[in-house]
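[1] All I have is the shape, not the residue letters:
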């Protein structure tokens, strides 16, 4: 494992970190196995959030006894002191810890949202008060709009910025953001490096990202095999062969305009508890004939599936990519039924 400095925090974090959002789809035994395998492989940065359903709780049960072996990051979408303090207390309890290394203001995507968190009554001021008490050490911000995140970075208020960057999602705005963070000693945490699993050649996709001055890359991992593959490239060279580039290009060319990155932000919003991202992943992979039968069988075992959608539209407001989720679920059901 190689380690990189997380901006001005001076923390040396593993270049491959652990994105814990997908843990919410695992049971306790599965979560314990995958997270401990990551720690055994040298991963020392774990990122979760209060909004990731059972993720924090599963992490606390899995690795609380190894707390001194990793840096812990979590997030809050709350914007006012009362709600932030409630979420923080819940996070500390779930994670079985007294301190959080990096506490992030989550999901800041518009100019007005950034203005709000920077205001006198906003989240940043609250987090500074919490930091003074020694409960958190560093403050970060996350989002999906590189222009907004760049404006946030330029305030000088944040120790870290977390944004999306991958072989699929590599707009100039994201490259400019990463460059600014690197030049100004701000840690950049790369989320969705595999575009929610769309980049099936994980090793090549991660190597490509690590050619850039990011601090750590946090792919979601749900099996020991994924941990072994993702960490296997950490201590090597990051130059891609022509074959590896062509494989990644083939994936990009084969994607629909509307494809789910499986960030799962829609999941907590669904009153019917439909596993939207999982269903859309199944549908995407079931288009290949060799996958269809097994994925259709798995989908058939879901107690709640796409047919349970009431078209309330709550998921639409949570999707950072503005995908037509309701229509996509209908198409997914047609493929998988």
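    The structure has been received and is ready for your questions. Predicted model only: the values in this text are computed from it and were never measured. Residues are numbered from 1 along each chain as shown.

[2] residue contacts, the nearest residue to residue 247 once chain neighbours are set aside?
    Leaving aside its chain neighbours, residue 247 sits nearest to residue 201 (4.9 Å; criterion: Cβ to Cβ, 6 or more residues apart in numbering). In short, each C-beta sits where N, CA and C put it, glycine included. For residue 201, the contact set (Cβ atoms under 8 Å, 6 or more residues apart in numbering) comprises 244, 247, 248, 251.

[3] Now do the same contact list for the first one.
    By Cβ under 8 Å, 6+ apart, the residues touching residue 244 are 201, 204, 207.

[4] So which of those are in strands?
    Per DSSP state E, strands hold no members of the contacts of residue 244.

[5] Out of these, show me where the pLDDT dips lowest.
    pLDDT across the contacts of residue 244 is lowest for residue 201, at 91.

[6] pLDDT value on residue 288, please?
    69.

[7] Which parts of the protein are helices?
    In the chain, the segments counted as helices under DSSP state H are 28-40, 55-63, 81-95, 111-118, 123-132, 146-154, 172-183, 202-210, 224-231, 242-253, 276-286, 289-300, 314-318, 325-336.

[8] Mind listing residues that contact the third one?
    Counting by Cβ under 8 Å, 6+ apart, helix 81-95 makes contact with 48, 50, 56-57, 59-60, 64, 72, 74, 76, 78, 98, 100, 103, 121, 123, 126-127, 130, 135, all of which sit outside it.

[9] change it to 10 Å
    Helix 81-95 has contacts (Cβ atoms under 10 Å, 6 or more residues apart in numbering) with 46, 48-51, 54-61, 63-64, 67, 72, 74-78, 97-100, 103, 105-106, 121-123, 125-127, 129-130, 135-136.

[10] Among the contacts of residue 244, which one sits closest to residue 6?
    Comparing those against residue 6 with Cβ to Cβ picks out residue 207 as the nearest, at 20.2 Å.

[11] What about residue 66, how many residues nearby?
    Using other Cβ atoms under 10 Å, residue 66 is surrounded by 12 other residues.

[12] now swap in residue 102 and tell me
    Around residue 102 there are 25 other residues, counting by other Cβ under 10 Å.

[13] What of residue 187?
    Neighbour count for residue 187, taken as other Cβ under 10 Å: 27.

[14] what residues are up against the closest residue to it other than its chain neighbours?
    Nearest residue to residue 187, sequence neighbours excluded (Cβ to Cβ, 6+ apart): residue 7, at 3.2 Å. Applying Cβ under 10 Å, 6+ apart to residue 7 gives the contacts 13, 138, 140, 153, 158-161, 181-182, 184-189, 215.
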